[in-house]
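Participant: Sequence first, then the predicted structure:
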Amino acid sequence: MFAKAFNTSGNTRLKGKDVKKVRLDLLKSCGIESDASFPWNLLAKAEIVKIKLAAPSRTVLFTDADSNVLAFDVHGKGDVVPSVYLLWHEPALRSHLPQLVVHSPVSHFLLRGADPMLPGVLKQSHSTDHPFLKGQLRAVYVHGNPMPFAIGDMLVDAETLATQGWKGKAMQLLHVVFDELSKLNPQSLLSRNLPEGFTDNEILPIEVASQATASEVLDINATALEEIEEKKPPSTVHVGPTEDDANDEEEGESVRSQADLDDLLERSFYQAMKVVKPSDAPMLASRFYASLVLPCRPVGTAINVKGTSYKKISTFLKDMASRGVVDVTEHDGVQTITLFRKTHPYEPHLLMFQWKAHPLDMVCVLYRDVSRHQLHRSELNVAVDLEAEATAGIFVPGKYAPEVVQLYRLTQQTQLLGSDTKAAALHLADVRALLNEYIATNGLVHPREPQYVQLDMILTDALYPGKKKPQFGLDPDAFLKDAQKKWACSATIVLHGKDVEVHIQGNLGQDVVQYLGTQYKIASKLCSVEWGKGCQKPKK
């Protein structure tokens, strides 16, 4: 809804009566009975400013004095929707609003504007206490995180789930954290006062987020202790192992060695080489590492470049270039990969041969394909699987090439086998089979020249339908004599190509139509009267 930047046309500070109306509309939109004693927290004393978006949009925003968006009205008709910022600071409103709980990896796509799909939603969200209702306002949560990160309208209900199953689009998002609505106050983004587990890339459960934070704190504390110990002069000497040494040994076992980190980086690099295309070159080295190497690391691992023997990505890429896997150029300290080689020299198997007749040595260089390297299940594979599960059974424009099937429907002249094929769409092979069956059944093959077919009336009409006008069984000569007797006029028969026309002299257009209706039972809607130059329609 607010994925793109918008312009505002003006703002107005609301008074007490208008503020009360905004609160009532907010409770009504959330399905909460209006109560004067509702325990408001932020809205109890906040100064609300009404901001209108520039035309042709009718959206209205309600912010506080610091430009933090509290609520918004999409159509400007009183359907006030709370923002994620307001839900964070209003626990009572958050507890009354129904929830839509999704898996943590799904939030990666929702933060980029995608709508929640039912395969990525926990089935506990649809319960007997809070069943799905079309148009119902719900807040979106990540399983294991108590704070919402989006809000939207439901698109399914119990009947829809019963008919189509647990697939398809579940909700239309109206507002998600980090969108343009959240960026209305730039100071709030600078302060980064976000709930626990909220990152720019994904919303994490509290347990995972706390573990990640704890590990970062431990690393920082360990680094600080090492610096203090280096600066501290040695005072005493300990002989034999102590409790601290035992703890250090246990921690060292959990930390990867430098050789393991080198192997992890190389495996991720070769996995990325399988994904990248030669046409993607030239590509910046930083982009290649961030968008391909990191996502291609094994699931549950982290690449620590400083812990490897290379220390820098630039050094690692230079080593790969010396092996012949890629070509790297450097300009002003910026590396660019100019060539990706799917097959490259395999240095562990350089073979030396010495001929008996010649003292010269011959070197045989073996080339190895990228796919022959040890592959693994990477973070990119997990993201692709989750996206495929979320979009299962749904047409995504531009993802796959359309499969076009050319079908034919029999016309009135080619309906050879009765009424069962009138409305059927047939393949070209089916039409050919029907035609061959009709020819064989009616014996239309030429007896002396089997490569030719004798046309009967049906095949003749099908091949040469022409543009025939209905004649209604009229005899031109008989109609000519009747016209001369009835209107005492001059009438002649004119051959017009393959057709026959009866020309009657006089302003008798309506009289002829009326006569055809009474004498030959031809409805007037089947007759057309045109007035030529100098002829006027008679007045009634």
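Facilitator: That came in fine, so what should we check first?

Participant: Show the backbone phi and psi for residue 502.
Facilitator: When read as degrees, to the nearest 10, the backbone of residue 502 gives phi -110, psi 110.

Participant: I figured it was touching residue 491, is that so?
Facilitator: Yes: judged on C-beta atoms under 8 Å, residue 502 makes contact with residue 491 at a distance of 6.3 Å. Heads up, the C-betas are built off the backbone N, CA and C, glycines and all.

Participant: Comparing the two, which residue is more hemmed in?
Facilitator: Between residue 502 and residue 491, residue 491 has the larger neighbour count (other C-beta atoms under 10 Å), namely 18 against 15.

Participant: Now do the contacts for the more buried one.
Facilitator: Contacts of residue 491 were listed using C-beta atoms under 8 Å, 6 or more residues apart in numbering, and they are 480, 483, 484, 502, 503, 504, 505.

Participant: cutoff 6 Å now
Facilitator: For residue 491, the contacting residues are 480, 483, 484, 504, by C-beta atoms under 6 Å, 6 or more residues apart in numbering.

Participant: which of these has the most neighbours?
Facilitator: Going by other C-beta under 10 Å, residue 483 tops the contacts of residue 491 with 22 neighbours.

Participant: Does it belong to a helix, a strand or coil?
Facilitator: Recorded secondary structure, residue 483: helix (DSSP: H, G, I helix; E, B strand; the rest coil).

Participant: returning to that earlier point: common neighbours of residue 502 and residue 491, please.
Facilitator: residue 480.

Participant: From the contacts of residue 491, pick the one nearest residue 42.
Facilitator: residue 504 (89.9 Å; C-beta to C-beta).

Participant: Got the phi and psi for that closest one?
Facilitator: phi -120, psi 130.

Participant: so what's it bridging to?
Facilitator: residue 491 (DSSP bridges).

Participant: residue contacts, it?
Facilitator: 483, 489, 491.

Participant: any idea how far residue 70 is from residue 41?
Facilitator: Residue 70 is 12 Å from residue 41, where distance means C-beta to C-beta, to the nearest Å.

Participant: Please apply the same query to residue 386.
Facilitator: Relative to residue 41, and taking C-beta to C-beta, residue 386 is found at 36 Å.

Participant: looking at this structure, which helix or strand is least sure?
Facilitator: helix 243-254 (a mean of 42; mean pLDDT, DSSP states H and E).

Participant: quick one on the thing from earlier: looking at the contacts of residue 491, which one is closest to residue 150?
Facilitator: Using C-beta to C-beta, those come closest to residue 150 at residue 504, 78.2 Å.

Participant: where do the helices sit along the stretch 251-400 of the chain?
Facilitator: Under the criterion DSSP state H, counting those that start in this stretch, helices of the stretch 251-400 of the chain are mapped to 258-275, 285-288, 313-322, 379-390.

Participant: For residue 152, find the nearest of these.
Facilitator: Nearest of those (C-beta to C-beta): helix 379-390, 15.5 Å.

Participant: and stretch 137-146, which residues are buried?
Facilitator: By neighbour count on 16 or more other C-beta atoms under 10 Å, the buried set for stretch 137-146 is 137, 138, 139, 140, 141, 142, 143, 144, 145.

Participant: Just the ones in strands from those, please.
Facilitator: The members of the buried residues of stretch 137-146 that map onto strands under DSSP state E are 137, 138, 139, 140, 141, 142.

Participant: in terms of contact, does the last one touch residue 206 like I think?
Facilitator: No: judged on C-beta atoms under 6 Å, residue 142 makes no contact with residue 206 at a distance of 9.4 Å.

Participant: Distance check, the residue nearest to residue 476 when sequence neighbours are not counted against residue 474.
Facilitator: Nearest residue to residue 476, sequence neighbours excluded (C-beta to C-beta, 6 or more residues apart in numbering): residue 500, at 5.0 Å. Distance, residue 500 to residue 474, by C-beta to C-beta: 10 Å.

Participant: Please apply the same query to residue 456.
Facilitator: 27 Å.

Participant: same thing with residue 126?
Facilitator: 71 Å.

Participant: now do residue 308
Facilitator: Counting by C-beta to C-beta, the gap from residue 308 to residue 474 is 98 Å.

Participant: follow-up on the earlier one: what's the closest of the ones in strands among the buried residues of stretch 137-146 to residue 55?
Facilitator: Nearest to residue 55 among those, with distances taken as C-beta to C-beta, is residue 137, at 26.3 Å.

Participant: Where does pLDDT dip in this structure?
Facilitator: Along the chain, segments meeting pLDDT under 70 span 1, 35-36, 185-192, 208-255, 344-374, 391-402, 413-423, 466-471, 532-540.

Participant: Domain ranges for it, per the record?
Facilitator: 8-191, 251-395, 408-463, 476-526 (automatic domain parsing).

Participant: Compare those and report which one is nearest to residue 199.
Facilitator: Between the domains of the chain, domain 8-191 lies closest to residue 199; by C-beta to C-beta that is 9.2 Å.

Participant: How far away from the center of its chain is that closest one?
Facilitator: 23 Å (C-alpha atoms, centre = their mean, to the nearest Å).

Participant: Present the ones in strands among the buried residues of stretch 137-146 as TSV; the columns should include distance to residue 198.
Facilitator: TSV is the format used below for these (distance: C-beta to C-beta, whole Å):
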residue	distance to residue 198
137	21
138	19
139	14
140	13
141	12
142	9
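
Participant: any idea which of those residues is closest to residue 298?
Facilitator: Nearest to residue 298 among these, with distances taken as C-beta to C-beta, is residue 142, at 23.8 Å.

Participant: so what's that closest one bridging to?
Facilitator: Under DSSP bridges, the residues paired with residue 142 across the bridge are residue 102.

Participant: residues in contact with residue 75?
Facilitator: Counted by C-beta under 6 Å, 6+ apart, residue 75 has contacts residue 58.

Participant: Same check on residue 27?
Facilitator: residue 34.

Participant: Strands of the stretch 101-250 of the chain, start to end?
Facilitator: For the stretch 101-250 of the chain, the strands defined by DSSP state E, counting those that start in this stretch occupy 137-142, 150-154, 171-176.

Participant: how about CSV for the ones you listed, with distance to residue 431 added?
Facilitator: CSV is the format used below for these (distance: least, C-beta to C-beta, whole Å):
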stretch, distance to residue 431
strand 137-142, 52
strand 150-154, 47
strand 171-176, 45
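
Participant: Relative to residue 329, which of these is closest?
Facilitator: Nearest of the strands of the stretch 101-250 of the chain (C-beta to C-beta): strand 171-176, 40.5 Å.

Participant: pull the CA atoms of that closest one into CSV?
Facilitator: The C-alpha trace of strand 171-176 is given here as CSV (Å, rounded to 0.1, in the frame of the first residue of the first chain):
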residue,chain,number,x,y,z
MET,A,171,-4.4,-11.3,3.1
GLN,A,172,-3.9,-7.9,1.4
LEU,A,173,-1.3,-6.0,3.3
LEU,A,174,-2.1,-2.4,4.0
HIS,A,175,1.0,-1.4,6.0
VAL,A,176,4.2,-3.1,6.9
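
Participant: Can you point out the buried residues in that strand?
Facilitator: 171, 173, 174, 175, 176.

Participant: re the thing from before, the more surrounded of residue 386 and residue 41?
Facilitator: residue 386 (17 against 13).

Participant: what number of residues lie near the closest residue to that one other than its chain neighbours?
Facilitator: Closest residue to residue 386 apart from its sequence neighbours, by C-beta to C-beta, 6+ apart: residue 105 at 4.9 Å. By other C-beta under 10 Å, the residues close to residue 105 number 19.

Participant: Residue 105 contacts residue 385, doesn't it?
Facilitator: No: counting by C-beta under 6 Å, residue 105 does not reach residue 385; the two are 9.4 Å apart.
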